[in-house]
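> got a sequence here, can you build the structure:
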Amino acid sequence: MPLAIGRRELLAALGGVATTWPLAARAQQAAMPVIGFLNVVSPDGYADLLRAFHQGLKDTGYVEGENVAIVYRWAEGQYPRLPELAAELVRRQVAVIAATGGIPSPLAAKAATTTVPIVFVTGGDPVRDGLVASLNRPGGNMTGINFLAGELAAKRLELLRELVPAAARVAVLVDPANAEITGPTLRDVEAAARAMGLQIQVLNANTSREIDAAFATVVRERPDALFVGPGPVFVDRRVQVALLAARSGVPAIYVVREQAVAGGLMSYGASVADAYRQVGVYTGRILKGAKPADLPVVRSSKFELVINHQTARMLGLEIPPTLIARADEVIE
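Numbering: from 1, shown residues only. From the prediction side, this is the model:
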């Protein structure tokens, strides 16, 4: 015969369940590993790359909010903020730091901890920049992805010359605050320019206002072409840069596909989205117990030439058939 439960007993039982569920949910959340995501710029221009990072995590079995939590820290282009943001992630006792957006981010993370695993993505040389002992045997608490942004500078200048054969003067837009990659890029560009008989003019910019000022110089000096150097600032501000280049009427080459998609004329470089996906994969593997010292630095092997035909038509440029034939993607 079923037992009769009074209203008071029923409410008491339901109240016990109600208090148990939040406690259980909090306990489950507390048990989740936490990733610290550190980036030089802002989230505005990084939606696609964040998706790629999340896909890499998913490939290893981790989904944000389900079995892993992510704490995001963005420096908003203010490089001096990075050390404190990295230190804050260490104080939060994150399980891994994904240091992204260029070499200053992993350098700040490295200075903040020698024990928390760090997965970086950089376009510079991680050995030369002091992140790892070697590519195959990183040692220490760091490993990551190298997408070779700086090492392809001479190749980009060759492509720009092929696009604009009559070019004699080329403006080079670089970020002076990102010295670890800007210095080697300028050395490579200057050497390649001498070999091709080109004159270059260096334009420095690190903020939106400085980018406007650089293009005011482009309008005034009228160079034959523009070489946009590597750096997270120019990826974050890619719409602004592409729009100003179009308004200035100057043919330009960029580093990553995302810049060409935003309206840039042409880009050549490694797939940064694929690099961010691999950062997610390495982060997931470390959460599962792998040690950074045992994970070789991955060097990008996927390079893409992207041409924005719509921008070329707007500039009145005829893209050489040889370039069209070699392009991995032509945006119509």
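
> so where is this structure shaky, pLDDT-wise?
Within the chain, the ranges that satisfy pLDDT under 70 run 1-30, 149-150.

> can you give the domain ranges for it?
Annotated domains of the chain cover 32-147+272-301, 153-270+304-331 [automatic domain parsing].

> next, format those as a markdown table and append mean neighbour count.
C-beta here means a position set from N, CA and C on the backbone, and glycine is covered the same way. Output for the domains of the chain, formatted as a markdown table (neighbours: other CB atoms under 10 Å):
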| stretch | mean neighbour count |
| --- | --- |
| domain 32-147+272-301 | 20 |
| domain 153-270+304-331 | 19 |
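
> what helix or strand is F53 on?
Take DSSP states H and E as the rule and F53 turns out to sit in helix 47-59.

> neighbouring contacts of that helix?
35, 37, 43, 63-64, 68, 98, 100, 258, 272-274, 276-284 (CB atoms under 8 Å, 6 or more residues apart in numbering).

> give the contact list for the residue nearest the centre of the chain.
Ranked by distance to the mean C-alpha position of the chain (CA atoms, centre = their mean), the top residue is G101 at 4.1 Å. The neighbourhood of G101, defined by CB under 8 Å, 6+ apart, consists of 38-41, 46, 75, 121, 232.

> Three-state assignment for V172, please.
Secondary structure for V172, judged by DSSP: H, G, I helix; E, B strand; the rest coil, is strand.

> secondary structure element for the closest residue to it other than its chain neighbours?
In space, V172 comes closest to F227 once its chain neighbours are excluded; the distance is 4.7 Å by CB to CB, 6 or more residues apart in numbering. Using DSSP H and E, the secondary-structure element containing F227 is strand 225-228.

> how far off centre is that strand?
Centroid displacement of strand 225-228 relative to its chain, using CA atoms, centre = their mean, to the nearest Å, is 20 Å.

> do the same with stretch 129-149
Mean-position distance between stretch 129-149 and its chain equals 16 Å (CA atoms, centre = their mean).

> can I get that stretch as CSV, trimmed to CA atoms?
The C-alpha coordinates for stretch 129-149 follow below in CSV (Å, rounded to 0.1, in the frame of the first residue of the first chain):
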residue,chain,number,x,y,z
ASP,A,129,63.0,34.4,-30.0
GLY,A,130,63.8,32.3,-27.0
LEU,A,131,60.6,30.4,-26.7
VAL,A,132,61.9,26.9,-27.1
ALA,A,133,65.4,25.2,-27.1
SER,A,134,64.7,23.5,-30.5
LEU,A,135,61.7,22.8,-32.7
ASN,A,136,61.9,19.0,-32.3
ARG,A,137,62.7,19.1,-28.5
PRO,A,138,61.1,22.3,-27.1
GLY,A,139,62.1,21.6,-23.5
GLY,A,140,60.5,23.5,-20.6
ASN,A,141,56.8,24.2,-20.5
MET,A,142,56.2,25.6,-24.0
THR,A,143,55.4,24.3,-27.4
GLY,A,144,53.3,25.5,-30.3
ILE,A,145,52.7,26.4,-33.9
ASN,A,146,55.0,28.4,-36.2
PHE,A,147,53.3,29.7,-39.4
LEU,A,148,56.4,31.5,-40.9
ALA,A,149,54.9,34.9,-41.4
